[in-house]
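Peer 1: Compute the structure for the input listed below.
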Amino acid sequence: MNTRLIGVLMDNLGSAVFASVMALPVIVFLLASEVATVSLVVWAVIAFSLAVYRYWLISVYRLQYDSYEGPQRQLFADRYGWTWGASGLIWGGVTLLVYLQASASSQFVCGLLILGQGIVSLGSFSSYLPALKSYLSSLTASTALGIVVNLGLNDWAYVYWHQTVALLILLGIFWHLTYKMGVRLNAVHRSSFELQFSNEELIESLTQQTRASLRAVAAKNRFLASAAHDLRQPVHALSLYADWLVTEPEMAQDIAPRMLQSTRAINELFDSLFDLTRIDAGNYKVHLQSVDVPKLFEELVTQFAPVAANKSLRLRTHSRSRSIWADPVVLRRILGNLVSNALKHTSKGGVLVGLRQREASLVFEVWDTGVGIAHEHQMAIFQEFFRVSQHQGTEDSLGLGLTIVSKLTTLMGYQLAVSSQEGRGSVFRVMLPAYTQSVAAPDPVMPEVVLSSEFGVLE
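Peer 2: Residues are numbered from 1 along each chain as shown. Down below sits the predicted model:
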């Protein structure tokens, strides 16, 4: 904040220097025949030199410091801040030349000029209170000093003591009121910058939200386009089979299984789309309860054993005799999608589903001896409708199974990881936090020998 206020100070400082330069010839002309010439010339030279020096400082600031908002500006203010107090001393020193030395009219005009310099300082220095305080204090102190010194040198001092006291009191009031006004103006400057910062943050937030909305719309458009593409294929096939059945009803025995396959593909796509929609909308309800792991694995084997047998693959499980705290529907959906994905991309060997204890967490693992996943695709496989080109099994894949797995694991607070080598297979790991565990009976650890010999070493 201070660095920006220093910037405002330097932007406004030119007007104060200009005002002092304009007042300088007026004072010289006014006092040329009323005060000592040497004293007037010395004062004028010092005042003019300081004004030139301050103009030079403004140019230095704009060339070297204006583009920075960090400690460089503060360093500049600390290094050259003495010029503000020096300027106040010079202009207050006019009193030493004129008080009780010049005519009453000249004293009055000079007093107005000094007052004007103090008022001009409000607009120039109020943005940075140290500068305002330094200038006002120096101006008031040198003015008071000039009054007191001249009063002491005057033979008729006792005549003017009451007006001198009044002037000193007015000087104190002038300093107090001017500084208080400067404090209020400084508060206005600060409020203006705080409002500007708030507006910038609001604009940045709106910009980010707009970009996020545009990205979401683009992603949704890609999602719908991919969904429409995948839906069109089985629907078109179903239409062809229906036309074929109308023209050749005797082929019903051959056509019916194909129609059933297309119908299942459509149902699978709609189920996946509905799952994704519910998860994204926050409407996917989670119901935690005790889940028996061996029973869960039995259900998975019952569901996918025909698929594995149809491809001559081995589907094995390795369960620990324990129960865990989880949502059985969500957990079955996660593991089921991983097993389904493994079977689709495996042509020989088999798939192993297991549970092992790793430090404070439980880890479900799904191993396969399939085609594997290239390193550059291992993050992209969790995107909607992503399918690795030329991978065996991807032609019938919807590209949504792993997306649902990723979203469901995030929903449950699980961690999902994948390790894979092309041509050797893959292993997907779902890591459950400690709170999901309940009392467990000790069981043998999942045998590493079996994994190494049958499913490849992927770790």
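Peer 1: rest of the way, CA atoms for contacts and neighbours
Peer 2: Noted.
Peer 1: what about P257, distance to G111?
Peer 2: Distance of P257 to G111, given as C-alpha to C-alpha, to the nearest Å: 108 Å.
Peer 1: So these two - more neighbours on which side?
Peer 2: G111 (18 against 11; other C-alpha atoms under 10 Å).
Peer 1: ok, which stretches of the stretch 251-400 of the chain are helices?
Peer 2: Along the stretch 251-400 of the chain, counting by DSSP state H, counting those that start in this stretch, helices occupy 252-281, 293-310, 328-344.
Peer 1: I'd like to know which of those helices has the weakest mean confidence.
Peer 2: Averaged per stretch, pLDDT over those is lowest on helix 252-281, reaching a mean of 71.
Peer 1: Regarding the chain, what is its longest helix?
Peer 2: Ranked by residue count and defined by DSSP state H, the top helix of the chain is helix 157-247.
Peer 1: which other helices and strands contact that one?
Peer 2: helix 104-125, helix 129-153, helix 252-281 (3 or more C-alpha pairs under 8 Å, 6 or more residues apart in numbering; DSSP states H and E).
Peer 1: what's the angle from it to helix 104-125?
Peer 2: 20 degrees (axes from the mean of the first three to the mean of the last three C-alpha atoms, to 10 degrees).
Peer 1: picking up where we left off before, from the helices and strands packed on helix 157-247, which stretch is densest packed?
Peer 2: Counting by mean count of other C-alpha atoms under 10 Å, helix 129-153 has the highest mean neighbour count of these, with a mean of 21.
Peer 1: Now do that helix: which elements does it pack against?
Peer 2: Using 3+ C-alpha pairs under 8 Å, 6+ apart, helix 129-153 is in contact with helix 82-92, helix 94-98, helix 104-125, helix 157-247.
Peer 1: That one: how far from the chain's middle?
Peer 2: 50 Å (C-alpha atoms, centre = their mean, to the nearest Å).
Peer 1: got it, and stretch 358-378?
Peer 2: That offset, for stretch 358-378, works out to 33 Å (C-alpha atoms, centre = their mean).
Peer 1: how about that stretch: buried residues?
Peer 2: 362-373 (16 or more other C-alpha atoms under 10 Å).
Peer 1: Of the helices and strands packed on helix 157-247, which is nearest H162?
Peer 2: helix 129-153 (11.1 Å; C-alpha to C-alpha).
Peer 1: Report the rounded mean pLDDT for the closest one.
Peer 2: 86.
Peer 1: Where does pLDDT dip in the stretch 151-300 of the chain?
Peer 2: Low-confidence regions of the stretch 151-300 of the chain, defined by pLDDT under 70, span residues 154-160, 216, 219-234, 236, 264-265, 268-269, 271-284.
Peer 1: any idea how far T164 is from I119?
Peer 2: Counting by C-alpha to C-alpha - T164 and I119 are separated by 22 Å.
Peer 1: since we're on T247, how many residues are nearby?
Peer 2: 10.
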